[in-house]
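Asks: here is the input, now give the coordinates:
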Amino acid sequence: MITETEHYQFPLPSADNALSHDVERIRQTIIALDAALWAAGGADAATITAIESSLSAITPTVEALDAYRRDAYLPTSIGLTYDATHSVVLTETATIAGQNRVTQFARDAAGRVVSYDITYLGITTRHTITWDALTGQYLGQTSEVLPNE
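Replies: Take a look at the predicted model:
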């Protein structure tokens, strides 16, 4: 489960509050679906179907953002990818001044985000998050630029 939502906050145009609320609603829906998946203990067929159904319900709002977000700093897609161990990789893609920016989140066994990589203009920056092992409290994060492969 993602417990730090700050990593989903993008600078949004203050002049367009309705759009900001729509984007935040989509983001919170994805976070809630992700939390439900972790609470269920993995991605079984019923959980995946429920998530896909919920994502379909917000598609009209996403489509309504298409005209606006072309060069804005807004997420253009938010997706859940399931791997063979039923872990989830959460990926967001945003378009910034016509260039794609991709963010991928990794988690620990408790479901907390422990790192996220942002790739933009061919440069990948890894942000590593530290949590208190006993209390689960967020302690901070560090960043590093990864070498090109």
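Asks: so where does Ala32 fall, helix or strand?
Replies: Taking DSSP states H and E as the criterion, Ala32 maps to helix 17-39.
Asks: in the host helix or strand of Gln141, what counts as buried?
Replies: Taking DSSP H and E as the definition, one finds Gln141 inside strand 138-146. Within strand 138-146, the residues that count as buried by 16 or more other CB atoms under 10 Å are Gln141. C-betas here are computed from N, CA, C, even on glycine.
Asks: please name every helix or strand in contact with it.
Replies: strand 123-131 (3 or more CB pairs under 8 Å, 6 or more residues apart in numbering; DSSP states H and E).
Asks: tell me which strands the strand it packs on pairs with, and in which orientation.
Replies: strand 113-120 (antiparallel), strand 138-146 (antiparallel) (DSSP bridges).
Asks: those strands: lowest mean pLDDT?
Replies: Per-segment mean pLDDT for these reaches its minimum on strand 113-120, at a mean of 76.
Asks: what residues sit buried inside that strand?
Replies: Residues of strand 113-120 classed as buried: Val113, Val114, Tyr116, Asp117, Ile118 (neighbour count, 16+ other CB under 10 Å).
Asks: how about the contacts made by the third one?
Replies: Looking back up the chat, that one is Tyr116. Contacts for Tyr116 (CB atoms under 8 Å, 6 or more residues apart in numbering) come out as His7, Thr103, Gln104, Phe105, Ala106, Arg126, His127, Ile129.
Asks: from these, which would you call buried?
Replies: Applying 16+ other CB under 10 Å to the contacts of Tyr116 flags His7, Thr103, Gln104, Phe105, Ala106, His127, Ile129 as buried.
Asks: okay if I get the residues you listed as TSV plus distance to Val145?
Replies: TSV is the format used below for the buried ones among the contacts of Tyr116 (distance: CB to CB, whole Å):
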residue	distance to Val145
His7	18
Thr103	15
Gln104	16
Phe105	18
Ala106	17
His127	11
Ile129	17
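Asks: next, format those residues as JSON lines and append pLDDT and secondary structure.
Replies: Conversion of those to JSON lines gives the following (pLDDT from 0 to 100; DSSP: H, G, I helix; E, B strand; the rest coil):
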{"residue": "His7", "pLDDT": "35", "secondary structure": "helix"}
{"residue": "Thr103", "pLDDT": "72", "secondary structure": "strand"}
{"residue": "Gln104", "pLDDT": "73", "secondary structure": "strand"}
{"residue": "Phe105", "pLDDT": "72", "secondary structure": "strand"}
{"residue": "Ala106", "pLDDT": "72", "secondary structure": "strand"}
{"residue": "His127", "pLDDT": "81", "secondary structure": "strand"}
{"residue": "Ile129", "pLDDT": "80", "secondary structure": "strand"}
